[in-house]
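**Student:** Just to be clear, the model below is a prediction. Sequence and coordinates:
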Amino acid sequence: MSDLFDTGAAKAAEGPRPLADRLRPATLDEVIGQDDLLRDGPLGAMLTSGRLSSLILWGPPGVGKTTIARLLAQETDLVFVQISAIFTGVPDLRKVFDAAKIRRANGRGTLLFVDEIHRFNKAQQDGFLPHMEDGTIILVGATTENPSFELNAAVLSRAQVCVLKRLDADAMEQMLKRVEQSEADLPLTPDARRQIIDMADGDGRALLNLAEQVLSWGAKEPIDPVTLSKRLSQRAAKYDKTGEEHYNLISALHKSVRGSDPDAALYWFARMLTGGEDPRYLARRITRMAVEDIGLADPQAHRICLDAWETYERLGSPEGELALAEALLYLALAPKSNAAYVAYKAAMKAAKQHGSEPPPAHILNAPTRMMKDLGYGAGYEYDHDAEDGFSGQNYFPDTMDRSVYYVPVERGHERDLKKRVEYFAKLRAQKGRG
């Protein structure tokens, strides 16, 4: 078996190692920030029982996926073999499986850690199945993408998905203390210390790399936030315009508007813009919010969104984004109603159920003599001729009972529409056509 894959093979003399590698936990008890998974969670239960099953470790970068996989192999006395889906082809996989079969014949098990497992196509993922089923390998896959979107159902059915959390501020502080115990005190003011944690954005590996840079400066006096900002770059926010993070953030934005929280809506809007989202996509989604969640409770909300969209097209960035932000704030504070949306869906359902029923004869057009002879238009009452401007006639198919789809809410402009709906219902009942 090539040393390229089997980390249990003899190693050559090591050169300089980065801080993140030197401080890699030696036991699972030293892993920071994943207690719910390791202590009383599924991994803890597996280790207590002495039976490790195949796993998918799903979480953002820098939260310990590789480290946990390596330590699981150590704890269960399995040979740890690591590959990356980015650099591994079918011939390489065949070598890995063949070597695992030989180990198994000699009484040793193999934990195969596959980094970025979601980058394997569906056929390649299927190649793991027979080796998982016969016990040749314990598969531990690592992914930053939602497994339910990216992995075969067959693989998921044979592996337990473990969700690793983004490291919070307390976990990051523990990590900095570990750095200081191992190396030296970080020359940072309290505010700068909080700032470096913010810069790492929940990524433990990024935090250790930043801390290593700070230590390399050899500063004699504590560094303040201004100096720190000049010397270090903010880690780019995690955002994939085509992946799950995209859908998570647009969901957060939409639900903040629906929940009438202008500040949260503005925050998620800013998060998406700083992540590189196309403002035109946001303009389209903001307009959708006006149609779907504001509706007729504030009819001008739709127009405001379209005007903001047009303003962006005319001004471009960055001023155009301000127009979109203003529309977003208007929507968040507008009265909410999905009554029109609910009515539309109900009418669509009814149309599919009764799609072949003709209109009642009295409202059919009768441009020819034959149509008139067939009764088209007979008995039609012209509403403008009625004293109150309302005939109350039936406009549904004769075979259909009258239905109510639109039920306005007691909010915003729909209060007035509700009064009109109730007024016409009362007139219809008085005319005996309810």
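**Tutor:** Cool, got the structure. Residues are numbered from 1 along each chain as shown.
**Student:** What distance do you get for the residue positioned nearest the centre of the chain to Asp278?
**Tutor:** The residue lying closest to the centre of the chain (C-alpha atoms, centre = their mean) is Asn248, at 2.5 Å. Distance of Asn248 to Asp278, computed by C-beta to C-beta, to the nearest Å: 17 Å. C-beta here means a position set from N, CA and C on the backbone, and glycine is covered the same way.
**Student:** same question, Lys95
**Tutor:** In terms of C-beta to C-beta, Lys95 sits 43 Å off from Asp278.
**Student:** Looking at these two, which is more packed in?
**Tutor:** Lys95 (15 against 11; other C-beta atoms under 10 Å).
**Student:** Does Phe390 touch Phe424 like I think?
**Tutor:** Yes. Using C-beta atoms under 8 Å, Phe390 is in contact with Phe424, at 6.4 Å.
**Student:** Looking at these two, which is more packed in?
**Tutor:** Remark: of Phe390 and Phe424, Phe390 carries more neighbours, 16 against 13, as counted by other C-beta under 10 Å.
**Student:** mind checking how far the more buried one is from Pro335?
**Tutor:** 28 Å.
**Student:** For the stretch 151-300 of the chain, just list every one of the helices.
**Tutor:** 153-157, 169-182, 190-200, 204-216, 225-231, 244-258, 262-274, 279-289, 300-315 (DSSP state H, counting those that start in this stretch).
**Student:** buried set for stretch 262-279?
**Tutor:** For stretch 262-279, burial by neighbour count (16 or more other C-beta atoms under 10 Å) applies to Pro262, Ala264, Ala265, Leu266, Trp268, Phe269, Arg271, Met272, Leu273, Gly275, Glu277, Pro279.
**Student:** can you redo the residues you listed as TSV with distance to Asp401 and pLDDT?
**Tutor:** TSV is the format used below for the buried residues of stretch 262-279 (distance: C-beta to C-beta, whole Å; pLDDT from 0 to 100):
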residue	distance to Asp401	pLDDT
Pro262	43	95
Ala264	44	94
Ala265	42	95
Leu266	47	96
Trp268	44	94
Phe269	45	96
Arg271	49	91
Met272	46	91
Leu273	50	91
Gly275	51	83
Glu277	47	87
Pro279	48	93
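**Student:** So of those, which two are at opposite extremes in space?
**Tutor:** Spanning the widest gap among those are Pro262 and Gly275, at 20.4 Å by C-beta to C-beta.
**Student:** Isn't Ala200 up against Leu210?
**Tutor:** Yes. The criterion here is C-beta under 8 Å, and Ala200 meets it with Leu210 at 6.0 Å.
**Student:** Poorly predicted segments of the stretch 201-350 of the chain, please.
**Tutor:** Along the stretch 201-350 of the chain, segments meeting pLDDT under 70 span 234-244.
**Student:** ok so, going back, okay, the residue nearest to the centre of the chain and Ala270: tell me how far apart.
**Tutor:** Counting by C-beta to C-beta, the gap from Asn248 to Ala270 is 15 Å.
**Student:** Can you give the domain ranges for this protein?
**Tutor:** Following the assignment in automatic domain parsing, the chain carries domains at 19-163, 169-231, 251-333, 353-430.
**Student:** got the end-to-end distance for the second one?
**Tutor:** Which is domain 169-231. 22 Å (C-alpha to C-alpha, to the nearest Å).
**Student:** now it, how far from the centre of its chain.
**Tutor:** Put simply, domain 169-231 sits 30 Å off its chain's centre (C-alpha atoms, centre = their mean, to the nearest Å).
**Student:** tally of neighbours for Val161?
**Tutor:** So Val161, with other C-beta under 10 Å, has 16 neighbours.
**Student:** mind listing what the nearest residue to it once chain neighbours are set aside touches?
**Tutor:** Leaving aside its chain neighbours, Val161 sits nearest to Ile56 (4.7 Å; criterion: C-beta to C-beta, 6 or more residues apart in numbering). Contacts for Ile56 (C-beta atoms under 8 Å, 6 or more residues apart in numbering) come out as 117, 140-143, 147, 151, 155-156, 159-162.
**Student:** For Lys426, give its distance to Pro408.
**Tutor:** For Lys426, the distance to Pro408 - C-beta to C-beta - is 15 Å.
**Student:** how about the strands of this structure, start to end?
**Tutor:** With strands called from DSSP state E, the chain shows them at 55-58, 79-84, 110-115, 138-143, 160-163.
**Student:** Need those strands in TSV (columns: mean pLDDT and distance to Arg104).
**Tutor:** Putting the strands of the chain into TSV (pLDDT from 0 to 100; distance: least, C-beta to C-beta, whole Å) gives the following:
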stretch	mean pLDDT	distance to Arg104
strand 55-58	95	19
strand 79-84	96	10
strand 110-115	96	7
strand 138-143	96	11
strand 160-163	93	21
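**Student:** could you redo the ones you listed as CSV and give each row distance to Gly41?
**Tutor:** Converted to CSV, those look like this (distance: least, C-beta to C-beta, whole Å):
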stretch, distance to Gly41
strand 55-58, 12
strand 79-84, 21
strand 110-115, 19
strand 138-143, 15
strand 160-163, 8
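**Student:** between those, which gets nearest to Met172?
**Tutor:** strand 160-163 (18.9 Å).
**Student:** if we can go back for a sec, put together CSV for the helices of the stretch 151-300 of the chain, with distance to Ala85 on each row.
**Tutor:** Listed next are the helices of the stretch 151-300 of the chain as CSV, based on distance: least, C-beta to C-beta, whole Å:
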stretch, distance to Ala85
helix 153-157, 12
helix 169-182, 27
helix 190-200, 26
helix 204-216, 19
helix 225-231, 35
helix 244-258, 18
helix 262-274, 28
helix 279-289, 29
helix 300-315, 39
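**Student:** now for those, which one comes closest to Pro16?
**Tutor:** helix 204-216 (11.3 Å).
**Student:** would you put the C-alpha positions of the closest one in CSV?
**Tutor:** Only the C-alpha atoms of helix 204-216 are listed here, as CSV (Å, rounded to 0.1, in the frame of the first residue of the first chain):
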residue,chain,number,x,y,z
GLY,A,204,-10.8,26.9,14.4
ARG,A,205,-8.0,26.3,11.8
ALA,A,206,-8.3,30.0,10.6
LEU,A,207,-8.1,31.2,14.3
LEU,A,208,-4.9,29.2,14.9
ASN,A,209,-3.3,30.5,11.7
LEU,A,210,-4.2,34.1,12.7
ALA,A,211,-2.8,33.5,16.2
GLU,A,212,0.4,32.1,14.7
GLN,A,213,0.8,35.3,12.7
VAL,A,214,0.3,37.5,15.7
LEU,A,215,3.0,35.5,17.7
SER,A,216,5.4,35.8,14.8
